[in-house]
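Enquirer: What shape does this take:
(chains A and B)
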Amino acid sequence: GAVVSQHPSWVICKSGTSVKIECRSLDFQATTMFWYRQFPKQSLMLMATSNEGSKATYEQGVEKDKFLINHASLTLSTLTVTSAHPEDSSFYICSAPRGPGMNTEAFFGQGTRLTVV
Amino acid sequence: EDQVTQSPEALRLQEGESSSLNCSYTVSGLRGLFWYRQDPGKGPEFLFTLYSAGEEKEKERLKATLTKKESFLHITAPKPEDSATYLCAGGYGGSQGNLIFGKGTKLSVKP
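Expert: Okay, here's the model as predicted:
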């Protein structure tokens, strides 16, 4: 079946540095991918929608200059957390729908645990 | 305000002890109610989508049902491998990514 692979699974970085997270669709093309964030004991929250070949759209309250999204190919989207701070520590998860239908099943990546020290 | 509330937060069952998980939702223009399973340190795994009140879907020991205000995930004769966090989410708006997630119910099944 369709698989979405996310890398790295976990990363620890120093405050002020940048971290890049990759999300790949392994056996299908994804013109759209979604990035979510999950704080401990909180719900998954949509951060942004990544669109192949065009600018990402961000949810209200998400800083687009801090969370840079690039979707340069039909199988790869990247999220770069720039100038990371401890409050950015969270579990970041991407997802990609396997087709265009509004209720098409979405496949989620394994998630990336980011810890900023 | 749109929201999805799951209860209980945690549920401990003995192997074979059937039970139900609840998902109450208030989502304007709901286009689907989704259930996912999430194992520790991993992303959610899709289980079901329910579209209209009265709909039911089954998969192995799991059955999901939907009313106009709630959805239930019934677990029949659970096994230890069913232990996970179960998430429900309400789909809304014009994007496939527009999902309001609940905080999940952490299920533990003891042998």
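Enquirer: Tell me which helix or strand comes right after the lowest-mean-pLDDT helix or strand in chain A.
Expert: When the helices and strands of chain A are scored by mean pLDDT, DSSP states H and E, strand A:106-108 comes last with a mean of 90. Next along the chain after strand A:106-108, taking DSSP states H and E as the criterion, comes strand A:112-116.
Enquirer: Next, the buried residues of that following strand.
Expert: A:Thr112, A:Arg113, A:Leu114, A:Val116 (16 or more other C-beta atoms under 10 Å in any protein chain shown). Bear in mind the C-beta positions are built from the backbone N, C-alpha and C, glycine included.
Enquirer: Dump those residues into TSV; add distance to B:Gly16 and pLDDT as well.
Expert: Formatted as TSV, the buried residues of strand A:112-116 follow (distance: C-beta to C-beta, whole Å; pLDDT from 0 to 100):
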residue	distance to B:Gly16	pLDDT
A:Thr112	37	96
A:Arg113	34	95
A:Leu114	40	97
A:Val116	44	97
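Enquirer: Let me know the closest of those to chain B.
Expert: Using C-beta to the nearest C-beta, A:Arg113 is the member of the buried residues of strand A:112-116 that lies nearest chain B, at 7.1 Å.
Enquirer: In contact with that closest one, which residues are there?
Expert: A:Ser9, A:Trp10, A:Val11, A:Phe91, B:Gly41 (C-beta atoms under 8 Å, 6 or more residues apart in numbering or on different chains).
Enquirer: Pull the contacting residues for the closest residue to the first one other than its chain neighbours.
Expert: Leaving out its chain neighbours, the residue that sits closest to A:Ser9 by C-beta to C-beta, 6 or more residues apart in numbering or on different chains is A:Gln110, at 5.9 Å. When contacts are counted by C-beta under 8 Å, 6+ apart, A:Gln110 is found next to A:Ser5, A:Gln6, A:Ser9, B:Gly41, B:Lys42, B:Gly43.
Enquirer: so the residue nearest in space to the middle of chain A bridges to which residues?
Expert: In chain A, the residue lying closest to the centroid (C-alpha atoms, centre = their mean) is A:Trp35, at 3.5 Å. Beta-bridge partners for A:Trp35, by DSSP bridges, are A:Ala48, A:Cys94.
Enquirer: My guess is it contacts A:Ser50. True?
Expert: Yes - A:Trp35 lies in contact with A:Ser50 (C-beta atoms under 8 Å); the separation is 6.5 Å.
Enquirer: shared neighbours of those two, anything?
Expert: By C-beta under 8 Å, 6+ apart, the residues touching both A:Trp35 and A:Ser50 are A:Cys23, A:Ile69, A:Ser77, A:Leu79, A:Cys94.
Enquirer: circling back to that earlier point, rebuild the contacts of A:Gln110 as CSV, extending it with secondary structure.
Expert: Converted to CSV, the contacts of A:Gln110 look like this (DSSP: H, G, I helix; E, B strand; the rest coil):
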residue, secondary structure
A:Ser5, strand
A:Gln6, strand
A:Ser9, coil
B:Gly41, coil
B:Lys42, coil
B:Gly43, coil
